[in-house]
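Peer 1: This is a predicted model, with the sequence first.
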Amino acid sequence: MIQFSTPLIPARLIRRYKRFLADCVLGDGTEVTAHCANPGSMMGLAQPGCKIWLEPNDDPKEKLKYGWRLVDHENGHFTGVDTSVPNRALKHALQNGLVHGLSAYKTVRAEVPYGTNSRADFLLTEPGLPNLWVEVKSVTLSRRAGLAEFPDSVTARGAKHMAELAKVVQEGDRAVLIFLVQRTDCDRVAVAGDIDPAYAAAFSQALDTGVEVLPLSTDISVQGIAVGAPLAFVP
């Protein structure tokens, strides 16, 4: 599990703006501005008044003293909104052989250059096995009960990554796209082709080339986030 550095505190969202800022009100009525580490649309996750969890910090180098980490759906389920968390959680799981189907690879390298001015999230290597290139996508959108979808906004970068994964497969390596679902109320994953048709086309072409898809759940609490079991992919 990737534990939060400091205990989270509950708050209510006032508004999210400029993508990376969120005004919030704490339990004692104090209004604060928190950093929102999520460049996506956060569709369905930023309604004013929703319960959220903030991580305070006392780092003098940080302009904002709070970071928005979770949405609390107040029904026992959470969504993680910090897009830096999936890679950290997945790195821990990969290094400890905890990811379904990938435990044979013992060497894990992060942020490895490949393609055209890109960096793969991870490169896994093991003697006797093909190199395995891994891209990780944080999934937080859910428009239907139990179904998580990616992307939640147009992502030209995501389409580019699909083409680059397809290329390494054509060159004889292995490539896996991991949809890491940062919400606890979904059991299946799909591509939101209506939101970004170009990404959906690139995704389909990459799968036809041999790129693998591995949707994974996460276990989320106010203590931390851990990579969980595989989920079903809905074509």
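Peer 2: Yep, it's here. Residues are numbered from 1 along each chain as shown.
Peer 1: distance of P7 from F78?
Peer 2: To F78, P7 is 15 Å away according to C-beta to C-beta, to the nearest Å. Glycine gets a C-beta too; all of them are placed from N, C-alpha and C.
Peer 1: Then K91?
Peer 2: 21 Å.
Peer 1: More neighbours: these two, which one.
Peer 2: Neighbour count, other C-beta atoms under 10 Å: between K91 and F78, F78 has more, with 25 against 18.
Peer 1: Tell me which residues touch the nearest residue to that one once chain neighbours are set aside, please.
Peer 2: Among residues not flanking F78 along the chain, I220 sits closest, at 4.3 Å (C-beta to C-beta, 6 or more residues apart in numbering). Residues in contact with I220 (C-beta atoms under 8 Å, 6 or more residues apart in numbering) are 70, 78-80, 182-184.
Peer 1: export those to TSV and tack on distance to L45?
Peer 2: What follows is the contacts of I220, written out as TSV (distance: C-beta to C-beta, whole Å):
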residue	distance to L45
L70	10
F78	11
T79	6
G80	10
Q182	10
R183	9
T184	13
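Peer 1: Go ahead and flag the most central residue of the protein.
Peer 2: S138 (1.8 Å; C-alpha atoms, centre = their mean).
Peer 1: Could you check how far the strand or helix carrying A22 is from the centre of its chain?
Peer 2: Using DSSP states H and E, A22 falls within strand 21-26. Computed by C-alpha atoms, centre = their mean, to the nearest Å, the chain-centroid distance of strand 21-26 equals 22 Å.
Peer 1: same question, stretch 81-99
Peer 2: On C-alpha atoms, centre = their mean, the centre of stretch 81-99 falls 9 Å from that of its chain.
Peer 1: and the top helix by length along the chain, what does it pack onto?
Peer 2: Taking DSSP state H as the criterion, the chain has its longest helix at helix 156-170. Judged by 3 or more C-beta pairs under 8 Å, 6 or more residues apart in numbering; DSSP states H and E, the packing partners of helix 156-170 are strand 118-125, strand 132-139, strand 174-181, helix 197-209.
Peer 1: how does it look with 10 Å?
Peer 2: strand 107-114, strand 118-125, strand 132-139, strand 174-181, helix 197-209 (3 or more C-beta pairs under 10 Å, 6 or more residues apart in numbering; DSSP states H and E).
Peer 1: tell me the domain ranges of this structure?
Peer 2: Following automatic domain parsing, one finds the domains of the chain at 2-76, 85-233.
Peer 1: now those as CSV including mean pLDDT?
Peer 2: As requested, the domains of the chain are exported to CSV (pLDDT from 0 to 100):
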stretch, mean pLDDT
domain 2-76, 95
domain 85-233, 96
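Peer 1: Comparing these, which stretch has the densest surroundings?
Peer 2: Among those, ranked by average contacts under mean count of other C-beta atoms under 10 Å, first place goes to domain 85-233 (a mean of 18).
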